[in-house]
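Curious how this folds, go ahead:
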Amino acid sequence: MAQDDLNEVEFPIREELPEDREAIRRINQEAFGGDAEADLVDALRDDGYSEVSMVVTSDGQAIGHILFSRVSIVTEKGTVNALSLAPMAIHPNFRRRGIGTRLLYAGLDRCEKLGHRIVLVLGHPEFYGQFAFSVKLAEQIESPFGGGEAWMAMELVENAMRNVVGRVEFSPPFAALG
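Residues are numbered from 1 along each chain as shown. So this is what the prediction gives:
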């Protein structure tokens, strides 16, 4: 059995279930060293902005989490729907095993299957840059959080961002991070 096959057996990925809530909260607290991201996840879920929320498990317990929530890109021609990837967290005891990479791919695949076209992220360029996230694609999209090289976009559908110039409006729960 290949290493990837072992990871799929040892660390299955699935959509979040109600009984995962406390584990997801702890994962985010431990991964980020505080409550901000855990509070963000709770607020996005509770306020109905969560679009895709997935966990990776070990022995039936969530050890990693990824969340995609709805955002809008306001342009001169109207509003373009997009998703924000925030946050993604792997419990510190399970890092550096490729689990985050698998979780990211699974989340993006789910977003694409649901018909989403654009994903935005403010994150580590060296990690997200390995994938199809691009600083160049995000250059025409203003973020209230700034970001420089950490502000990136991905097209789930080819040319989804063609001629998209504007500013992203995050849902209200993100205001707590400002």
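
rest of the way, CA atoms for contacts and neighbours
Fine.

does the closest residue to F94 other than its chain neighbours count as helix, strand or coil?
Leaving aside its chain neighbours, F94 sits nearest to I63 (7.3 Å; criterion: Cα to Cα, 6 or more residues apart in numbering). In three-state terms, and counting by DSSP: H, G, I helix; E, B strand; the rest coil, I63 is strand.

Report the buried residues of stretch 11-29.
11-14, 16, 20-21, 23-29 (16 or more other Cα atoms under 10 Å).

dump the residue contacts of the residue nearest the centre of the chain.
Most central in the chain under Cα atoms, centre = their mean is L85, positioned 2.4 Å from the mean C-alpha point. L85 is in contact with 66-69, 119-122, counting by Cα atoms under 8 Å, 6 or more residues apart in numbering.

What of V135?
148-153.

The contacts of L85 into a markdown table, with extra columns for secondary structure?
Listed next are the contacts of L85 as a markdown table, based on three-state DSSP:
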| residue | secondary structure |
| --- | --- |
| I66 | strand |
| L67 | strand |
| F68 | strand |
| S69 | strand |
| V119 | strand |
| L120 | strand |
| V121 | strand |
| L122 | strand |
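
A106: which of those is nearest?
Nearest to A106 among these, counting by Cα to Cα, is I66 at 9.5 Å.

farthest pair in the buried residues of stretch 11-29?
That would be P12 and Q29, which, of these, are the farthest apart (Cα to Cα) at 21.7 Å.

so where's this protein shaky on pLDDT?
Low-confidence segments of the chain (pLDDT under 70): 1-9, 177-178.

Mind jotting down where the strands sit in it?
Taking DSSP state E as the criterion, the chain carries its strands at 13-15, 50-58, 61-75, 78-90, 118-122, 141-142, 151-155, 166-169.

tilt between the longest helix seen in the chain and strand 50-58?
Ranked by number of residues, the top helix in the chain under DSSP state H is helix 99-113. Interaxial angle, helix 99-113 versus strand 50-58 (axes from the mean of the first three to the mean of the last three Cα atoms, to 10 degrees): 140 degrees.

now helix 99-113 against strand 118-122, angle please.
Using the same axes, to 10 degrees: helix 99-113 against strand 118-122 is 150 degrees.

Give the closest residue to T79 in space, chain neighbours not counted.
T79 sits nearest to I73 (Cα to Cα, 6+ apart), 5.6 Å away.
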